[in-house]
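Novice: Sequence plus the predicted model coming up.
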Amino acid sequence: MLCVREMGLSSLVDLRTILVFSVVCLLCKFGIEKLLKCRQYPPGPWGFPVFGYLPFIRSAAHIHFRQLAHKYGGIFSMTMGNQFIVVLSDYKIIREAFRREDFTYRPDNQFSSILGGYGIVNSEGRLWKNQRKFLHDRLRRFGMTYSGKSKDQMEARIMTEVEAFLRTLVKEKGAPTDLNPSLCTSISNVICSLLMSVRFQQSDAKFSKFMDLIAEGFRLFGSLSYANFFPIMRYFPNAKSIVKKIDENRSEMAEFFQETVDSHRNSFDSGHMRDLVDNYLLEIEDAKSGGYERDLFEGKEHDRQIQQIMGDLFSAGMETIKTTILWCIVYMIHHPEVAVKIQKELDSVVGRSRLPQLEDRPNLPFTEATILEVLRISSIVPLGTTHATSRETELCGFKIPANAHVIPLIHAVHMDPNLWDGPEQFKPQRFLSPEGKVCKPEFFLPFGVGRRMCLGDVLARMELFEFFASLMHTFNVKTPEGRPPPSLKATTGVTLTPEDFQVCLTLRPLVDSQHDFLNAANQLRTAGSH
Ligand code: HEM
């Protein structure tokens, strides 16, 4: 009996040993497989189970990633929550990846499911390709090009807003002024006139509501970003209430845009295209009447797509320009010698009786170089816009899984001491050749590169030039008496923005002005208003 019992016990022990041994072997197998797989991925830091590397990111992500780039090189990877992240900080690798089709997707996460793949910034595949081609073509027709008659129309559109902006500033009579509100209205008006033939006044209640909705939308999306890494959190009550608020925000925005679409429909004339909304309506008409073999909308709801396009172009084209111009002013205050040099160049090329025009740009290399240097040193979109892989692929001999987030670390490229001489210093002349011509190295990437490169770069460069050169031509800029200059430290938000600041703008002398706006400004100045 005892013998049988002993036998039973010993076989049980054996069974247990075998079980434990099998589990250990299985764990080892999975561990080794994982390790081998990880070794095929780009190198990078380890993280905690479930959380990945997220808990270690304490400073602004672009600063932290730059430190990691020093350790791991131009391509590194990590997990954050359930997402696989690849960071590219070498411009050659960024160029190599982003010219390829398999790197053109956007991350599949909570944001993309809310946006439903509509618009241009978050769309993918054929819908994105169609939209991009269509928008590129139509924006060119409306003057987003360096030459031709339509360029003059675009310039006129921009100059209307530049003059409105300068007029508001003249009224300040040299008092401490926050440039943000008037700049925001004028830059918004450029994009709104292009999209929907609308101009707003700064005091317009509808405009304030619209701006509040945009800001609130960004804030809400920002507060939900954790759910992108931990999808289970979407079902937590807090996330659910944020999603509800986002839905409300989006339906108010949709209402705003739909009013525009409806009013355009009511006054639509296929022989007279006023703006982008009209162009989309014409496409819908053509598609309905069978004029098009392929539907531009790829089966998506037409009006929702137009609404999202308006939202995307407005969001992409307003904040970026406004922030860059604010940085230009901050740097002019810190570098008065650069401001004086720009004004001398403007005076000798443009003269004192008119405002600068796009045609003057080739003759204003120092002014142009200064704008490029501000774009470099401020890198307002330091992490670009995250791409995703459409399938498992390879880059620089490393394996990259499907739906990996791919981040171009533009900030690191623009601050690389191996590429730029003294990258921390503000030196516009770095963009000038020994002959004094503007030259942009291939590692200058403020608008990204490749297939998804900024769609509005030409418009952006036109606006930056017109607003900045006209401001410098018309005013001297200084900090209010007794106050320190604005900080060079950026606030991290949708873009890297300067902290709030005020400036005093005094009119520069004008001679025999034939120009309406300058004439009025001159009269104000000589009347001793300030
Ligand atoms: C200083 C001004 C600007 C800067 C620095 C800037 C920068 C960028 C960057 C870095 C990207 C991401 C590219 C990528 O995904 O790899 C981007 C995308 C984009 N930008 Fe801009 N941008 C500016 C102005 C504008 C303007 C004025 C417009 C409006 C017409 C615009 C429209 C877009 C659009 C639609 C995309 C998404 C393209 C796509 O996903 O295919 N941007 N921009």
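Specialist: Sure thing, it's come through.
Novice: Next, the contact list for the residue of the stretch 401-530 of the chain found nearest the ligand, please.
Specialist: Proximity of the stretch 401-530 of the chain to the ligand (Cβ to the nearest ligand atom) peaks at Gly456, 2.2 Å away. Where C-beta positions appear, they are placed from N, C-alpha and C, glycine not excepted. Counting by Cβ atoms under 8 Å, 6 or more residues apart in numbering, Gly456 touches Leu139, Met144, Leu313, Ala316, Gly317.
Novice: what's the spacing between it and Leu358?
Specialist: 16 Å (Cβ to Cβ, to the nearest Å).
Novice: Neighbours of Val50, how many?
Specialist: 11 (other Cβ atoms under 10 Å).
Novice: same question, Phe268
Specialist: For Phe268, using other Cβ under 10 Å, the count is 15.
Novice: for the closest residue in space to it that isn't next to it in sequence, what are its contacts?
Specialist: Closest residue to Phe268 apart from its sequence neighbours, by Cβ to Cβ, 6 or more residues apart in numbering: Leu281 at 5.5 Å. By Cβ under 8 Å, 6+ apart, Leu281 lies in contact with Val261, His264, Arg265, Phe268, Ile306.
Novice: Double-check that the second one belongs to a helix.
Specialist: Yes: with DSSP: H, G, I helix; E, B strand; the rest coil as the criterion, His264 is assigned to a helix.
Novice: Surely it and Asp278 touch.
Specialist: Yes: under the criterion of Cβ atoms under 8 Å, His264 makes contact with Asp278 at 6.0 Å.
Novice: Name the next helix or strand downstream of the helix or strand Glu248 falls within, please.
Specialist: Per DSSP states H and E, Glu248 falls inside helix 237-266. Per DSSP H and E, the first helix or strand lying C-terminal to helix 237-266 is helix 276-288.
Novice: what comes up buried for that next one?
Specialist: Residues Leu276, Val277, Asp278, Asn279, Tyr280, Leu281, Leu282, Glu283, Ile284, Ala287 are the ones in helix 276-288 that count as buried (16 or more other Cβ atoms under 10 Å).
Novice: and which of the contacts of Gly456 is nearest Glu161?
Specialist: Gly317 (12.6 Å; Cβ to Cβ).
Novice: So for that closest one, what's the pLDDT?
Specialist: Listed pLDDT for Gly317 reads 94.
Novice: Quick check: closest non-adjacent residue to Ser150.
Specialist: Gly143 (4.1 Å).
Novice: Quick check on the one you found: phi, psi?
Specialist: Backbone geometry at Gly143, expressed as degrees, to the nearest 10, gives phi 110, psi 10.
Novice: List, one by one, the residues from the stretch 51-200 of the chain near the ligand.
Specialist: Phe98, Ile120, Val121, Arg132 (Cβ under 6 Å from any ligand atom).
Novice: how many other residues sit next to the third one?
Specialist: What that stands for is Val121. Counted with other Cβ under 10 Å, Val121 comes out at 19.
Novice: ok, now which ones touch the nearest residue to it once chain neighbours are set aside?
Specialist: Closest residue to Val121 apart from its sequence neighbours, by Cβ to Cβ, 6+ apart: Asp312 at 4.7 Å. Residues near Asp312 by Cβ under 8 Å, 6+ apart: Gly119, Ile120, Val121, Asn122.
Novice: Let's see that with 10 Å instead.
Specialist: Leu115, Tyr118, Gly119, Ile120, Val121, Asn122, Ser123, Gln131, Leu135, Leu455 (Cβ atoms under 10 Å, 6 or more residues apart in numbering).
Novice: Need the residues you listed in a markdown table (columns: pLDDT and secondary structure).
Specialist: Below are these laid out as a markdown table (pLDDT from 0 to 100; DSSP: H, G, I helix; E, B strand; the rest coil):
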| residue | pLDDT | secondary structure |
| --- | --- | --- |
| Leu115 | 90 | helix |
| Tyr118 | 95 | coil |
| Gly119 | 96 | coil |
| Ile120 | 97 | coil |
| Val121 | 96 | coil |
| Asn122 | 94 | coil |
| Ser123 | 96 | coil |
| Gln131 | 95 | helix |
| Leu135 | 97 | helix |
| Leu455 | 97 | coil |
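Novice: which one of the residues you listed sits closest to Leu169?
Specialist: Leu455 (30.1 Å).
Novice: from memory that closest one sits against Leu276, does it?
Specialist: No: the pair formed by Leu455 and Leu276 falls short of the contact definition of Cβ atoms under 10 Å, at 12.0 Å.
Novice: what touches both of those two?
Specialist: Leu135, Leu139, Leu313.
Novice: tally of neighbours for the second one?
Specialist: When neighbours are defined as other Cβ under 10 Å, Leu139 has 21 of them.
Novice: Pull the contacting residues for it.
Specialist: Counted by Cβ under 10 Å, 6+ apart, Leu139 has contacts Thr145, Ser150, Met154, Leu194, Leu276, Asn279, Leu313, Leu455, Gly456, Val458, Leu459.
Novice: ok, now the first one?
Specialist: Residues counted as contacts of Leu135 (Cβ under 10 Å, 6+ apart) are Ile120, Met144, Leu276, Asn279, Tyr280, Ile309, Asp312, Leu313, Leu455, Gly456.
Novice: Need phi/psi at whichever residue of the stretch 201-350 of the chain sits closest to the ligand.
Specialist: Nearest to the ligand in the stretch 201-350 of the chain, going by Cβ to the nearest ligand atom, is Gly317, at a distance of 3.0 Å. Main-chain dihedrals, Gly317, degrees, to the nearest 10: phi -100, psi 0.
Novice: Please tell me how far the residue nearest to it when sequence neighbours are not counted sits from Leu313.
Specialist: The shortest distance from Gly317 to any non-neighbouring residue, by Cβ to Cβ, 6+ apart, is to Ile191 (4.5 Å). Distance, Ile191 to Leu313, using Cβ to Cβ: 6 Å.
Novice: Please apply the same query to His411.
Specialist: Following Cβ to Cβ, the distance that separates His411 from Leu313 is 25 Å.
Novice: What of Ile342?
Specialist: 30 Å.
Novice: between the helix or strand where Ile187 lies and helix 276-288, how big is the angle?
Specialist: Counting by DSSP H and E, the element that carries Ile187 is helix 180-196. Put simply, helix 180-196 runs at 20 degrees to helix 276-288, going by axes from the mean of the first three to the mean of the last three Cα atoms, to 10 degrees.
Novice: which helices and strands does helix 180-196 pack with?
Specialist: helix 149-171, helix 205-223, helix 237-266, helix 276-288, helix 302-334, helix 457-474 (3 or more Cβ pairs under 10 Å, 6 or more residues apart in numbering; DSSP states H and E).
Novice: now those as TSV including distance to Lys71?
Specialist: Output for the helices and strands packed on helix 180-196, formatted as TSV (distance: least, Cβ to Cβ, whole Å):
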stretch	distance to Lys71
helix 149-171	44
helix 205-223	28
helix 237-266	34
helix 276-288	45
helix 302-334	29
helix 457-474	32
